[in-house]
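Q: kindly generate the corresponding structure for this input.
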Amino acid sequence: MNSRSDFSRNLPGDPSALRAQTGRFRRWRLDPPLLLLLMCLAAFGLFILYSASGKDIDRVTRQLIYLAIAFFGLVVVAQFKVEILKVLAPIGYIGGIVLLLLVAWFGDDSKGAQRWLDVFGIIRFQPSELMKIVVPLTVAWYLSERLLPPSTKTLVISFFIAIFPSVLIVLQPDLGTAILIAASGLFVLWLAGLGWGYIFAAVLALLGAAWPIWHFLLHGYQRQRIMTLFNPESDRLGAGWNIIQSKTAIGSGGWDGKGWLNGTQSQLDFLPESHTDFIIAVLAEELGFVGVFLLLLMYLLIILRGAQISLAAKTTFASLVAGSITLTFFVYIVVNMGMVSGLLPVVGVPLPLVSYGGTSLVTMLASFGILMAISAESYRR
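A: All right, here's what the predicted structure looks like:
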């Protein structure tokens, strides 16, 4: 018969039991704090999606299926050794460029954009999503084999690696995704020790290129979105409608909101895309500042954990990749919240793990699978 002390050691809350459970996660190369935070965020997202989709249980069920697939993908990616990911990075980059060129030639046209590849009617996917993972891996692979901080030649080549696929994606056109992919690669450069002189020169170059970009690279609707940012009331029933309704929803939420399922802007269909890009406006209206604060707190904890993994990484490649994934995740949040609140142009960036959609979920959680693979090899047993 076990003694009282033996019994207490087997209780779920006992430190030894918790260590055993953590060990099981580690054997699967999973990071327990990060996994728990991601699961909490995904569950909170489903809670908001039910209201944002007009109580559409079928849409919530589909999102739950997407989440199951995405978390399975996370576990699979986490099993890869970091050195294997490093070897696969340039191969994946070349393959991704080929797929983007195939999109330009044979892509499926939908709503005026040519972004998808349809393979014999069986699989339909967006190659640009793959580049969100591949570009930072490839830039980190290239830089990790060279002296840091990078020389001018190394900077130019790294810059090309990051920008070339982004240019192909802008031509689809998909400006939001192109910006995020370029940022993910440039974050690697910054983490590798890019000097402030280069950053200042890049800002000047971007300002100098503003006129040709505006007239020759941006499409008419993209220019309209930027103009609407400064004066949405100039076209209240057209281009400015989304921003006006979004800001109304956010402002009317107050401290604790109108209550779950009681938002007028979303429930009465005043707010377009309420279940995708503008879902945080639904959250702000129904749960108010308290709900938004809870969401931001979960995001902050995920970012802090990502930063810890980056700092603890054992190799330059792993550290650069982890840092870039974490910073890109941060940019997703800032861009989505910025455009919904009228501080940035609307570029179609979903709110991570909250907005409805399958492809972005799989890509995002695959990135976190890489973070967990890095964490597993940094963990000291």
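Q: residues of the helix or strand hosting Gln308 that come out buried?
A: Assigning secondary structure by DSSP states H and E places Gln308 in helix 279-312. Neighbour-count burial for helix 279-312 flags 279-288, 291-292, 295, 298-299, 301-303, 305-306, 308-310, 312 (criterion: 16 or more other C-beta atoms under 10 Å). Backbone N, C-alpha and C define where each C-beta goes, glycine included.
Q: over to stretch 139-146?
A: Under the neighbour-count criterion of 16+ other C-beta under 10 Å, stretch 139-146 has Val139, Ala140, Trp141, Tyr142, Leu143, Ser144 buried.
Q: these in helices, which ones?
A: Among those, the residues falling in helices (DSSP state H) are Val139, Ala140, Trp141, Tyr142, Leu143, Ser144.
Q: okay, those residues in JSON lines with pLDDT next?
A: Below are these laid out as JSON lines (pLDDT from 0 to 100):
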{"residue": "Val139", "pLDDT": "95"}
{"residue": "Ala140", "pLDDT": "94"}
{"residue": "Trp141", "pLDDT": "95"}
{"residue": "Tyr142", "pLDDT": "94"}
{"residue": "Leu143", "pLDDT": "93"}
{"residue": "Ser144", "pLDDT": "89"}
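Q: and which of those residues is nearest Ile161?
A: Val139 (5.3 Å; C-beta to C-beta).
Q: that closest one is in contact with Leu189, isn't it?
A: Yes - if you go by C-beta atoms under 8 Å, Val139 and Leu189 touch, sitting 6.7 Å apart.
Q: what sits in contact with each of the two?
A: By C-beta atoms under 8 Å, 6 or more residues apart in numbering, Val139 and Leu189 have these common neighbours: Ser158, Ala162.
Q: tell me the mean pLDDT for stretch 305-324?
A: On average, the pLDDT along stretch 305-324 is 94.
Q: whoops, stretch 208-225 was the one
A: For stretch 208-225, the per-residue pLDDT averages 74.
Q: repeat for stretch 50-70
A: Stretch 50-70 comes out at a mean pLDDT of 91.
Q: touching that stretch from outside, list them.
A: 42, 45-46, 49, 260-261, 263, 266-267, 269, 274-275, 279, 282-283, 286, 356-358, 361-362, 364-366.
Q: out of those, list just those in helices.
A: Counted as lying in helices by DSSP H, out of the contacts of stretch 50-70, are 42, 45-46, 49, 266-267, 279, 282-283, 286, 361-362, 364-366.
Q: can you tell me which of the residues you listed is nearest Phe71?
A: Relative to Phe71, the closest of the ones in helices among the contacts of stretch 50-70 is Leu365; by C-beta to C-beta it sits at 6.1 Å.
Q: how does the chain divide up, domain by domain?
A: Domain assignment for the chain, taken from automatic domain parsing, gives 39-79+219-381, 95-218.
Q: and the pLDDT at Ser3?
A: In this model, Ser3 is scored at 43, pLDDT.
Q: hmm, back to that, of the domains of the chain, flag the one that's most buried.
A: domain 39-79+219-381 (a mean of 19; mean count of other C-beta atoms under 10 Å).
Q: skipping adjacent residues, who's closest to Gly342 in space?
A: The shortest distance from Gly342 to any non-neighbouring residue, by C-beta to C-beta, 6 or more residues apart in numbering, is to Ile243 (4.9 Å).
Q: got the phi and psi for the closest residue to Phe47 other than its chain neighbours?
A: Take Phe47 and drop its neighbours on the chain: the residue closest to it by C-beta to C-beta, 6+ apart is Trp260, 7.9 Å away. When quoted as degrees, to the nearest 10, the phi and psi of Trp260 stand at phi -60, psi 130.
Q: go on, the one 3 residues further on?
A: Here the main-chain torsion angles of Gly263 (degrees, to the nearest 10) amount to phi -70, psi 130.
Q: what residues are up against the spatially closest residue to it that is not a sequence neighbour?
A: Once flanking residues are discounted, Gly263 sits nearest to Glu285: 4.0 Å by C-beta to C-beta, 6+ apart. Neighbouring residues of Glu285 by C-beta under 8 Å, 6+ apart: Ala249, Ile250, Ser252, Gly253, Gly257, Lys258, Gly263, Thr264, Gln265, Ser266.
Q: now those as a markdown table including distance to Ala201 and pLDDT?
A: Below are the contacts of Glu285 laid out as a markdown table (distance: C-beta to C-beta, whole Å; pLDDT from 0 to 100):
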| residue | distance to Ala201 | pLDDT |
| --- | --- | --- |
| Ala249 | 41 | 84 |
| Ile250 | 38 | 85 |
| Ser252 | 45 | 83 |
| Gly253 | 43 | 82 |
| Gly257 | 46 | 83 |
| Lys258 | 49 | 87 |
| Gly263 | 46 | 80 |
| Thr264 | 49 | 78 |
| Gln265 | 44 | 77 |
| Ser266 | 45 | 73 |
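Q: will you turn those residues into JSON lines that also has distance to Thr177?
A: Below are those laid out as JSON lines (distance: C-beta to C-beta, whole Å):
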{"residue": "Ala249", "distance to Thr177": "25"}
{"residue": "Ile250", "distance to Thr177": "25"}
{"residue": "Ser252", "distance to Thr177": "31"}
{"residue": "Gly253", "distance to Thr177": "29"}
{"residue": "Gly257", "distance to Thr177": "31"}
{"residue": "Lys258", "distance to Thr177": "33"}
{"residue": "Gly263", "distance to Thr177": "29"}
{"residue": "Thr264", "distance to Thr177": "32"}
{"residue": "Gln265", "distance to Thr177": "27"}
{"residue": "Ser266", "distance to Thr177": "25"}
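Q: nearest to Phe125 among the residues you listed?
A: Phe125 lies nearest to Ser266 out of these, by C-beta to C-beta, at 29.7 Å.
Q: packing partners for the helix or strand hosting Gln224?
A: Per DSSP H and E: Gln224 is located in helix 220-230. Applying 3 or more C-beta pairs under 8 Å, 6 or more residues apart in numbering; DSSP states H and E, one finds that helix 220-230 contacts no other helix or strand.
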